[in-house]
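Engineer: Okay, sequence plus prediction incoming.
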Amino acid sequence: MGEQVRAPRRQARGERRIQEILDAAAKVFAEAGYEAATTNRIAAAAGISPGSLYQFFSNKEAIAQALADRFVEQMGRAHREAFESGDLVGPLLPEMIDRMLDPILAFNIANPGFKALFARPDMPAGLASAARPIQTALLGRVEAVLAARAPGVPEGERARSARVMIQIFQAMVPLVTSSRGDEREAMITEVKKVLRGYLEPLEQRRA
């Protein structure tokens, strides 16, 4: 009976330690980049010995893959909250932009290691493939928003506009994540202002 009680506790401690290692890895990747990061540096950031780290992960690539899986799961939840939580047509444009951007910006702010891991040209192919399906889904969701709010825009132009919107957003995200306090809020306002300025002419072509 005692062993049955202790086993879940050990499992819970092990899961907490894994999450602590992944949190530390995200910080190290954000600060140093993927190539410069080492398991010793990640272990130090997690407050454990390299030997303890190797009890859970065999190398840096295994840590990065687990972190990528966690990022992808969290990013998927943010995208669903952004695009599946209400009517696409009814809200005014500023309200719609708030609803779309706030969960995704919150994800990026909470996960500074995300860009370091996924935006590097030297990122391992396995990690790139982990993010590709959700990025494809994001493109489809933005196209669906444009189809609902700007039905007068032809399909080909709509797809191109969706790609442009995503690129604009991704290019501006570092301005948000690198800012603090009032300046961060001002940057978020600027991101929304830019996308609203891009979307308004498209919405006006309803017929």
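Structural biologist: Perfect, thanks for sending it. Residues are numbered from 1 along each chain as shown.

Engineer: quick one: least confident helix or strand in the chain?
Structural biologist: Taking mean pLDDT, DSSP states H and E as the measure, helix 113-118 is the helix or strand of the chain with the lowest mean score, a mean of 72.

Engineer: I'd like to know which elements that helix is packed against.
Structural biologist: helix 2-32, helix 60-83, helix 93-110, helix 125-149, helix 155-177 (3 or more C-beta pairs under 8 Å, 6 or more residues apart in numbering; DSSP states H and E). From N, CA and C alone the C-beta is placed, and that goes for glycine too.

Engineer: Dump these into TSV; add mean neighbour count, distance to residue 188 and mean pLDDT as well.
Structural biologist: Putting the helices and strands packed on helix 113-118 into TSV (neighbours: other C-beta atoms under 10 Å; distance: least, C-beta to C-beta, whole Å; pLDDT from 0 to 100) gives the following:
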stretch	mean neighbour count	distance to residue 188	mean pLDDT
helix 2-32	15	19	78
helix 60-83	18	14	89
helix 93-110	17	6	92
helix 125-149	15	19	83
helix 155-177	15	6	93
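
Engineer: can you list the ones you listed in a markdown table and add distance to residue 39?
Structural biologist: Output for the helices and strands packed on helix 113-118, formatted as a markdown table (distance: least, C-beta to C-beta, whole Å):
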| stretch | distance to residue 39 |
| --- | --- |
| helix 2-32 | 9 |
| helix 60-83 | 5 |
| helix 93-110 | 24 |
| helix 125-149 | 16 |
| helix 155-177 | 25 |
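
Engineer: For residue 205, see how far away the residue nearest the centre of the chain is.
Structural biologist: Centroid-nearest residue in the chain, with C-alpha atoms, centre = their mean: residue 75, separated by 4.5 Å. Separation of residue 75 from residue 205 (C-beta to C-beta, to the nearest Å): 31 Å.

Engineer: Then residue 189?
Structural biologist: In terms of C-beta to C-beta, residue 189 sits 26 Å off from residue 205.

Engineer: same deal with residue 102?
Structural biologist: As judged by C-beta to C-beta, residue 102 and residue 205 stand 26 Å apart.

Engineer: swap in residue 77?
Structural biologist: Applying C-beta to C-beta to residue 77 and residue 205 gives a distance of 33 Å.

Engineer: repeat for residue 199
Structural biologist: 11 Å.

Engineer: shared neighbours of those two, anything?
Structural biologist: Shared contacts of residue 199 and residue 205, defined by C-beta atoms under 8 Å, 6 or more residues apart in numbering, comprise residue 150.

Engineer: ok, the two, which is more surrounded?
Structural biologist: Using other C-beta atoms under 10 Å, the more surrounded residue of residue 199 and residue 205 is residue 199, with 19 against 12.

Engineer: Off-centre distance for the helix or strand hosting the more buried one?
Structural biologist: Using DSSP states H and E, residue 199 sits within helix 181-203. Centroid displacement of helix 181-203 relative to its chain, using C-alpha atoms, centre = their mean, to the nearest Å, is 19 Å.
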